[in-house]
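[1] Build me a model:
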Amino acid sequence: MNEYAFVLGSNWLLSIAELLAHVQDRGLGVTLVDHSRHIAILDVKEKLDNNQIVDIQSSLGGCYKTGRVIYRYDIDVVRNAFPVDGKLTKEDRDELIKMPWLPRVWQNPRAKKIKFGVSTYPEFDGRSAIQYRRFTRTMDEQIKSALIEKGARKVDYFAYDKPDKRVTERMNLALWPKSIAENNLLFPPNSEILAAFTAKYLYFARTLVVYDSALQQYRDESRPYISSEISTSPKICRTLLNLAGARPGDTVLDPFCGTGTLLMEAAMLGMKVIGVDIESNQVQGTKSNLIWFGKDAGQRVDFEVIRGDARELSKLVKKRVDAIAFEPSLGPIYSKPPKRGDVEASVRELTELYRTVLTQAAEILHPEGRVAMTIPVIVTDGGTTSIEVREMLKGTGFEVYKLLPSGLIQSRSEGDKRLRINPDRDLLPERKRGQFVQRALIALTK
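    Predicted coordinates for the structure are as follows:
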């Protein structure tokens, strides 16, 4: 088996859906064999080289780290070795700290200066039968002692044990990508070790590549044209591109290009891009951003940005495109939950807009191409209201491309609702706290 561990974003289901779509489109034989709310374990039939792994991780919007699995333990061993309640079992603690997997990371540590860190990813956040903090510190100390015993000249480890930057009421025991980059932990003999917990196992994996958060921040802050009111996050743009099946060399269309964030992400992945927007200032801003990106990255960007109405795509775009990905207008912005009746008129207008745009998109999209888009999910005073997908697709020539295909999923965690995967989904939510206009992502095929 060739098992790989992928560290998932906060929307773990969407991260898994994107990951499976991406690797399936690359023709890789994969199965999701295990998962938690933080980790996906993929069994890949082909053995991947480092360049392939870097390409996969670099293309994803919803995964932060990728590592090669080097060992696993039955979860009962860890529960007995680091119990929250009751007395530990010495035999199980001894089994863990033997670390037979250590030579797979450090074959010959003699006379070397080594820096490392153990990043722990629990099964899910909340109360657990395992003392994750004590487990992490014990592994850090045991690895350090073992490397010194094997002749390492100097060994230092890095640990993160503070409130999570995103949700302050929970603890985080994993190193952030920025810390890993700053301390060169991915360059041998240094290393980051992923300790990934699921319902059945503890997996140890050696990190191979991490998400470049510093580069994303630099692009966001340095590009010449920024509009926070209409910009879509680069991560969601990457996810949309993957759900649309876009590959390097493809021509990608964004019919609501706004500030051009999605087009920049596509260009970075080696794609040719076409943007359409009805606002002239958005068109000029997108052009400025793409020109800036090309100069900054030192690469030629093949792009075209057109001012026009997305409802007339077939007149505006004179060539076939391989993939279409976009976030359309999501309707009014609300400062408090709107009345359900007030929202229904907006939903009808948006449904008509999306249907018209998709009908036009079908005329210029390659027969084998896909569309990925967001649709609004509006939190009203009477529950949530959204677009009725069948009504939106009526007469467009598109049908739903199922996300989380059952044929690729062995791991579903039927027992615990917090970990359950219901496969073959029409769409997946992408929520942000405090917003009354939420989003869902959907992919379409002819």
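[2] what stretches of the chain score poorly on pLDDT?
    Applying pLDDT under 70 to the chain picks out residues 161-171, 228-231, 413-414, 433-434.
[3] OK, contacts around the closest residue to Trp12 other than its chain neighbours?
    Spatial nearest neighbour of Trp12, excluding adjacent residues (CB to CB, 6 or more residues apart in numbering): Arg37 at 4.8 Å. Every C-beta, even on glycine, is put in place using the N, C-alpha and C of the backbone. For Arg37, the contact set (CB atoms under 8 Å, 6 or more residues apart in numbering) comprises 8, 12, 123-125, 418-419.
[4] Now with 7 Å, please.
    Arg37 makes contact with 12, 124, 418-419 under the criterion CB atoms under 7 Å, 6 or more residues apart in numbering.
[5] Taking those residues together, which two end up most distant?
    The most widely separated members of the contacts of Arg37, counting by CB to CB, are Trp12 and Arg418 (10.1 Å).
[6] These two: who's more crowded?
    Trp12 (19 against 12; other CB atoms under 10 Å).
[7] was I right about Ile274 contacting Glu304?
    Yes: counting by CB atoms under 7 Å, Glu304 is a contact partner of Ile274 at 4.9 Å.
[8] Counting neighbours around each, name which of these two comes out higher.
    A count of neighbours by other CB under 10 Å puts Ile274 above the other of Ile274 and Glu304, at 25 against 18.
[9] about what we covered before: got the contacts of Arg37 as a markdown table, with secondary structure and distance to Asp140 columns?
    A markdown table is the format used below for the contacts of Arg37 (DSSP: H, G, I helix; E, B strand; the rest coil; distance: CB to CB, whole Å):
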| residue | secondary structure | distance to Asp140 |
| --- | --- | --- |
| Trp12 | helix | 26 |
| Phe124 | coil | 23 |
| Arg418 | helix | 28 |
| Leu419 | helix | 27 |
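[10] Pipe those residues into CSV and attach distance to Ala440 per row.
    Shown next, in CSV, are the contacts of Arg37 (distance: CB to CB, whole Å):
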residue, distance to Ala440
Trp12, 16
Phe124, 22
Arg418, 20
Leu419, 21
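[11] Which residue ranges make up the domains of this structure?
    According to automatic domain parsing, the chain comprises the domains 3-211, 218-445.
[12] from the middle of its chain, how far away would the shortest one be?
    The chain centroid and the centroid of domain 3-211 are separated by 17 Å, computed with CA atoms, centre = their mean, to the nearest Å.
[13] what does stretch 1-18 give?
    On CA atoms, centre = their mean, the centre of stretch 1-18 falls 7 Å from the chain's centre.
[14] in it, what counts as buried?
    By neighbour count on 16 or more other CB atoms under 10 Å, the buried set for stretch 1-18 is 3-9, 11-18.
[15] now swap in stretch 308-321 and tell me
    Buried residues in stretch 308-321, counted by 16+ other CB under 10 Å: 310-311, 313, 316-317, 321.
[16] before we move on, what about stretch 47-54?
    Residues of stretch 47-54 classed as buried under the neighbour-count rule (16+ other CB under 10 Å) are 48, 53.
[17] residue contacts, the spatially most central residue of the chain?
    In the chain, the residue lying closest to the centroid (CA atoms, centre = their mean) is Gly62, at 0.7 Å. The contact partners of Gly62, taken as CB under 7 Å, 6+ apart, are 8-9, 11, 14-15, 18, 235, 239.
[18] Apart from its neighbours in sequence, what residue is nearest it?
    Counting by CB to CB, 6+ apart, the residue nearest Gly62 is Ser15, at 3.3 Å.
[19] and that neighbour, helix, strand or coil?
    Secondary structure for Ser15, judged by DSSP: H, G, I helix; E, B strand; the rest coil, is helix.
[20] wait, isn't it in contact with Lys65?
    No: the criterion here is CB under 7 Å, and Ser15 misses it with Lys65 at 11.6 Å.
[21] show me what contacts Pro83?
    Contacts for Pro83 (CB under 7 Å, 6+ apart) come out as 129, 131.
[22] Please read the previous query as pertaining to Val69.
    Contacts of Val69 (CB under 7 Å, 6+ apart): 3-5, 41, 203, 205.
[23] how near is Leu404 to Arg37?
    From Leu404 across to Arg37, the span is 15 Å (CB to CB, to the nearest Å).
[24] Also Val357?
    Taken as CB to CB, the span from Val357 to Arg37 is 35 Å.
[25] State the helix or strand in which Pro429 lies.
    Assigned by DSSP states H and E, Pro429 falls within strand 427-430.
[26] List the contacts of that strand.
    Against strand 427-430 from outside (CB under 7 Å, 6+ apart): 11, 13-14, 17, 236, 377, 389, 403, 438-442.
[27] For the stretch 301-446 of the chain, which segments count as helices?
    Using DSSP state H, counting those that start in this stretch, the helices of the stretch 301-446 of the chain run over residues 313-316, 340-364, 389-393.
[28] Just tell me which of those helices ends up closest to Pro188.
    Distance to Pro188, taken as CB to CB, is lowest for helix 340-364 among the helices of the stretch 301-446 of the chain, at 47.3 Å.
[29] right, and Ser406 touches Asp424 too?
    Yes: look at Ser406 against Asp424 with CB under 7 Å: they come within range, at 5.4 Å.
[30] which residue ranges form the helices in the stretch 51-200 of the chain?
    Assigned by DSSP H, counting those that start in this stretch, the stretch 51-200 of the chain shows helices spanning 75-81, 90-98, 132-149, 177-182.
[31] For the last one, name the packing helices and strands.
    Pointing back at helix 177-182 there. Helix 177-182 sits against helix 213-222, with contacts defined as 3 or more CB pairs under 7 Å, 6 or more residues apart in numbering; DSSP states H and E.
[32] so what secondary structure elements neighbour the helix it packs on?
    helix 177-182.
[33] buried sites along the helix it packs on?
    By neighbour count on 16+ other CB under 10 Å, the buried set for helix 177-182 is 177, 179-181.
[34] need the residues you listed in CSV with distance to Val78, can you?
    Compiled in CSV, the buried residues of helix 177-182 are given as follows (distance: CB to CB, whole Å):
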residue, distance to Val78
Pro177, 25
Ser179, 25
Ile180, 24
Ala181, 29
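[35] start to end distance for stretch 21-34?
    17 Å (CA to CA, to the nearest Å).
[36] for Val44, phi and psi?
    Dihedral pair for Val44: phi -110, psi 130, per degrees, to the nearest 10.
[37] Leu269 now?
    Backbone geometry at Leu269, expressed as degrees, to the nearest 10, gives phi -90, psi 10.
[38] I'd say it and Leu60 touch.
    No: applying CB under 7 Å, one finds Leu269 not in contact with Leu60, separated by 10.5 Å.
[39] Comparing those two, which shows the higher neighbour count?
    The residue with more neighbours, out of Leu269 and Leu60, is Leu60; 23 against 20, by other CB under 10 Å.
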